[in-house]
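Q: Build me a model from this:
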Amino acid sequence: MDILRLLLLFITAAKGYGSEITCSWQLLTKPVYFGQDVLMSCFRPYFKGEMYLAWLNKTADYIARRNISSNETKYEVKLNYTEVGILYTLTIKSFDSDDVNTTYKCYMGFESYLANLVEMNTTFLYPPRSEDITFIDRSEKNELIQVAIWKAYPKPACHIFVGVSKYPNEFKQ
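A: All right, here's what the predicted structure looks like:
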């Protein structure tokens, strides 16, 4: 999504609040894939001056202040001043299970916006990688086949096909 469309989206949302000028943030990466980068952006319309800017986590620890990350291997921040406001973007690198049920708070001046990714009805996906799957065929006649998927979210729906016919669901999931 280019910056102009993103700004228009935020401005439209901010104007809906009437005369009150507030900041808000949005999750820009949808769905969220474990192991990939996730982008969140905070916007405050109609402000051109300097102000306090920060991202905090659920324990009120700083993730970033202005454009300086507290942990550059985990977080990246970008600050963009535009004619219509300030766009403050946080990238969570290599999203993992510790990042899921975390509250993120964006501060812009005296205003802040707090949200939890789970409460935002975010779709989280962890497609299994080849190292997460074990395949065992213990008989020459293929009578016993065991496939174990160690990491996957949501739980996969498993089916067995013999040729083009679906095998009855008489196997343990």
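Q: Residues in a beta bridge with residue 75, which ones?
A: For residue 75, the beta-bridge partners are residue 92 (DSSP bridges).
Q: Neighbours of residue 70, how many?
A: Look at residue 70: counted by other Cβ atoms under 10 Å, it has 16 neighbours. C-beta: built from backbone N, CA, C; applies to glycine.
Q: Confirm for me that residue 118 is in contact with residue 101.
A: Yes. Taking contacts as Cβ atoms under 8 Å, residue 118 lies within contact range of residue 101: 5.4 Å.
Q: ranges for the helices of this structure?
A: Assigned by DSSP state H, the chain shows helices spanning 3-15.
Q: Show me how it divides into domains.
A: 3-124, 127-166 (automatic domain parsing).
Q: ranking those domains by mean pLDDT, which is last?
A: For the domains of the chain, mean pLDDT drops lowest on domain 127-166, to a mean of 69.
Q: Endpoints of that one, how far apart?
A: Using Cα to Cα, to the nearest Å, one end of domain 127-166 lies 23 Å from the other.
Q: Can you report how many residues lie near the residue nearest to residue 103 when sequence neighbours are not counted?
A: Using Cβ to Cβ, 6 or more residues apart in numbering and skipping residues adjacent in sequence, the residue nearest residue 103 is residue 58, 4.1 Å away. Residue 58 is flanked by 12 other residues according to other Cβ under 10 Å.
Q: hang on, residue 58 packs against residue 98?
A: No. Shown here, residue 58 and residue 98 do not form a contact pair, counting by Cβ under 8 Å, at 10.5 Å.
Q: what about stretch 96-114, distance to the chain center?
A: Per Cα atoms, centre = their mean, to the nearest Å, the displacement of stretch 96-114 from the mean C-alpha position of its chain is 12 Å.
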